[in-house]
Structures are given as C-alpha cells and as structure tokens.
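> Fold the following, please.
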Amino acid sequence: MTLSIRTKKTETPKKRPPDSELSFGKYFTDHMLSVDWSVEQAWHDARLQPYEALALDPAACVLHYGQAMFEGLKAYRQPNGGVALFRPDAHARRMQQGAARLCMPALEEADFVALVREFVKLEDSWIPSSPGTALYLRPTIIATEAFLGVRPSNHYLFFVIASPVGSYYGGDSLKPVRIWVERDHVRAARGGLGATKAGANYAASLLAAVNAKKAGYDQVLWMDAKEHAFVEEVGTMNLFVVIGDKLITPALSDSILSGVTRDSIIKLAPEFGVQVEERAISTAELFEASEKGTLREVFGSGTAAVVSPVAELAFGDRKLEIGGGKPGELALGLYDRISKIQRGLGPDTFGWLSPV
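Residues are numbered from 1 along each chain as shown. Now for the predicted structure:
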C-alpha cells in the first residue's frame, strides 16, 4: 500500500446486535475509514476513525451537482474463525471505471483492497458468524469542494462504512419476488450513467419502485430507454433468464451495471452444464418462451441478495408466472455454490476469496 494510515479508536463502542436481529443496513459499526483527495496532494490522510457525521459546506459540489458514487462488497466469517473478502479487487476496478465516468479520482486497486482490509481487521468483532450473515461494506466517493459552478470538484472524500447484515430474504431459503415491468420511466439511457454506481441512478429509480410497491410488487424490471422492448436490469440487480437449456443475460453496455455477482454466475454456470449467452432479451421473446413452455427461470443477481428468483412478471394487466412461483433449480444451485465459496465451505476455483 502506498498510503500510510493512522488509527483512532472509539471511546464509546456500541452494543453488538445478536445475529438473529440483523437485517440489511440497520446497524453500523464503531468506525469508518476516510481518505482525502485534492488536486495539490492527490490521495492523502488515510485514517481509521470513530463513526461520525460528515461535516460538509452547504456549497459542497456533491450537494449541487451530484458527484457521488459507491460500491458494495462483503466480508465473511470463515470456518477457522478468520475473515475473507469476496472479490474486493473486482469492486476496486469497477469503482475506478465509474469514477472516471463521473470525472472523479479513484484509489489504485492495491490501495483500495489494502485499506478495506485494514478497516475490516479493526471491525472484526462486528462480523457475524451465523449462516446467511456477513459484514456489508459501503465504499463511497463524494465531491467536497465548496463552489457554485458546473465543473468537477478539486476536492473529494473516500470513505467506507460497514453494517453487519443478515439474510436478505429474512430466512434460510430464497423467497421468489413479484416484478413490475416498467414501461414509462427509465433507469438509464445509452450514453448515460447506467454502468456506474452513481447516486443519481438510484434517485432516478425511486418513483417507479414506489409505484410498483403500491401495486403489490417487490421490484421493477427496467426496459431499454429507446424502444422499451428489451429488458435490462431488475431492481438494483442484473437479470438472468433460463430459456430451454441456455442461461441468458443482457450484454453489458453503458446502461447496464457490470455486476460482480453477475460475472461470478457466468463463470460458474459451466459447472451446472449450462451454456451462457450475453445478448439482448426482448419481452416478445419472454412471452414466446412462456407460451412454448421453455421459460424455465428468471432471477436477479447482486451483492446484497446473491440470487433473487422471480415468480411473476407483470406487464400491466398481462402477467407471466414463472416456475410455478417457486425458485428454479439453477437459481438455487448458484446461490448455494456462491454462498459456500464466500463462507469458505466450498472450492474457491477462481481464487475469489481474499483473506483479511
């Protein structure tokens, strides 16, 4: 690591919640990691410090022009009591790519991984050990320079906070979700920010998500912005469909996030004897496959849930029921395979675990 790091521990540690009470993003650990960046000094002053509120000038660039992005990765307790991160290098590279699109600086991959590792070491006692639990890490970059005028900031803050989390589904089994297919609002357009984890992408998704929940659905399936004919992402996850004996996922573009779990699934699929295709998927193809009885499964993938099976797709009044409302065999198999790798209970064929 090229950066030196100083540590100040909290004098008022919080009470650790029992694993049985963990949900997602409800509790936060005692400390945070912070690093400053300026035009004059580049990255400097890396510090582990007590968790605290940020002090921002009211004119800070992030508040007016939206220069903000984040990552999300997890640390898992291992059978020997140790801890491992899952694919931190891939998350570092994705943050670099997204930061470049937003005219923001990003840490070098080695520094990102090393700093996150030191942070996790400090918060070791917060890492739960029960099945389905982990320590969720949220690396974030925001523009902090105070000015009014549309240009990239000259000052930034990189920080990481952590939250002990339980099963995304609230239990040990996968809960299939009902999905509303959004045909009016769009998440991202070609040439925009869809391939980055920019805060603006999530703000743009909120209205459709709220409307879907009011209608009784769990998530939104986003369509392409131009024709509204091709599926792109489901909620905040990448999308997979099984038609016949093929696993199909939309090809990456600048309107689709390059998911780390997505990549993991594509690499593991051959273990299940499944051929993967990365290409456009139209709603017409989904209806045709459903009518022919070849639409076997639909599921999303992401860091938070790993795999999220879909039980129903609602296109207005027209609905597609998938797999009898139950998780598909491939979704279950991939969830089990990835979860075992993460917890050190299965072969790590690709060397994805990074010991802390």
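> Wait, residue 43 touches residue 158, no?
Yes. Residue 43 is in contact with residue 158 according to CB atoms under 8 Å; the separation is 7.5 Å. For the C-beta atoms, the positions are set from N, CA and C on the backbone; glycine is no exception.
> Tell me which of these two has more neighbours.
residue 158 (24 against 19; other CB atoms under 10 Å).
> what's across from that one in the sheet?
residue 35, residue 141 (DSSP bridges).
> Ok, residue 233 next?
Bridge pairing for residue 233 - DSSP bridges - gives residue 238.
> where do the contact lists of residue 43 and residue 158 overlap?
35-37, 107 (CB atoms under 8 Å, 6 or more residues apart in numbering).
> Going by distance to residue 332, which of those residues wins?
residue 107 (36.5 Å; CB to CB).
> Burial check on that closest one, number of neighbours?
25.
> Contact partners for it?
Counting by CB under 8 Å, 6+ apart, residue 107 has contacts 35, 43, 92, 95-96, 115, 158.
> Inside strands: which ones of those?
Among the contacts of residue 107, the members falling in strands (DSSP state E) are 35, 43, 158.
> would you list the residues you listed in JSON lines and tack on distance to residue 122?
Shown next, in JSON lines, are the ones in strands among the contacts of residue 107 (distance: CB to CB, whole Å):
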{"residue": "35", "distance to residue 122": "15"}
{"residue": "43", "distance to residue 122": "19"}
{"residue": "158", "distance to residue 122": "17"}
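> Next up, the contacts around residue 254.
Residue 254 neighbours (CB under 8 Å, 6+ apart): 190-192, 194-195.
> my guess is residue 61 contacts residue 157, does it?
No. Look at residue 61 against residue 157 with CB under 8 Å: they stay out of range, at 10.9 Å.
> Please identify which of the two sits among more neighbours.
Neighbours were counted for residue 61 and for residue 157 using other CB under 10 Å; residue 61 has more, 26 against 18.
> Against residue 153, how distant is that one?
4 Å (CB to CB, to the nearest Å).
> any shared contact partners between the two?
With CB under 8 Å, 6+ apart as the test, residue 61 and residue 153 both reach 67, 143-145, 147.
> right, and out of those residues, which lies closest to residue 124?
residue 144 (29.7 Å).
> ok so, going back, highest neighbour count among the shared contacts of residue 43 and residue 158?
Counting by other CB under 10 Å, top hit in these: residue 107 with 25 neighbours.
> Return the distance of the closest residue to residue 126 other than its chain neighbours relative to residue 132.
Of all residues not flanking residue 126 in the chain, residue 29 sits nearest, at 4.4 Å (CB to CB, 6 or more residues apart in numbering). From residue 29 over to residue 132 the distance is 19 Å, taken as CB to CB.
> More neighbours: which of these two?
Using other CB under 10 Å as the criterion, residue 29 and residue 132 rank with residue 29 on top: 23 against 18.
> need the contact list for the more buried one.
Residue 29 touches 14, 51, 123, 126, 135, 161-164, counting by CB under 8 Å, 6+ apart.
> One more: residue 268?
Contacts of residue 268 (CB under 8 Å, 6+ apart): 334, 337-338.
> just residue 133 next, same as before
19, 22, 77, 164-167.
> Out of those, which sit inside strands?
Short answer: these in strands (DSSP E) are 77, 164-165.
> Are any of those residues buried, and if so which?
Buried members of the ones in strands among the contacts of residue 133, scored by 16 or more other CB atoms under 10 Å, are 77, 164-165.
> hang on, the earlier thing: using CSV, please lay out the shared contacts of residue 43 and residue 158 together with pLDDT and distance to residue 208.
Compiled in CSV, those are given as follows (pLDDT from 0 to 100; distance: CB to CB, whole Å):
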residue, pLDDT, distance to residue 208
35, 98, 35
36, 98, 36
37, 98, 34
107, 97, 33
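> mind checking how far the residue most central in space within the chain is from residue 257?
Residue closest to the mean C-alpha point of the chain, counted by CA atoms, centre = their mean, is residue 303 at 4.5 Å. According to CB to CB, residue 303 and residue 257 sit 11 Å apart.
> got the contact list for the nearest residue in space to residue 130 that is not next to it in sequence?
Closest residue to residue 130 apart from its sequence neighbours, by CB to CB, 6+ apart: residue 19 at 3.9 Å. Taking CB under 8 Å, 6+ apart, we find residue 19 in contact with 128-130, 133, 166.
> For those residues, work out which two are farthest apart.
Between any two of the contacts of residue 19, the greatest separation by CB to CB is 11.9 Å, found for 129 and 166.
> which of the two has more neighbours?
residue 166 (21 against 14).
> tell me the pLDDT at residue 304?
pLDDT, residue 304: 89.
> ok, now which ones touch it?
24, 72, 136, 165, 168, 236.
> out of those, which are buried?
Buried among those (16+ other CB under 10 Å): 72, 136, 165, 168, 236.
> For the third one, give its distance to residue 132.
Separation of residue 165 from residue 132 (CB to CB) stands at 9 Å.
> Next, count neighbours for residue 86.
Other residues close to residue 86 by other CB under 10 Å number 24.
> Tell me the bridge partners for it.
Bridge pairing for residue 86 (DSSP bridges) gives the partners residue 353.
> rewinding a little: any chance of the shared contacts of residue 61 and residue 153 in CSV, with secondary structure, distance to residue 323 and neighbour count too?
As requested, the shared contacts of residue 61 and residue 153 are exported to CSV (DSSP: H, G, I helix; E, B strand; the rest coil; distance: CB to CB, whole Å; neighbours: other CB atoms under 10 Å):
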residue, secondary structure, distance to residue 323, neighbour count
67, coil, 42, 24
143, strand, 45, 25
144, coil, 48, 22
145, coil, 51, 18
147, coil, 53, 16
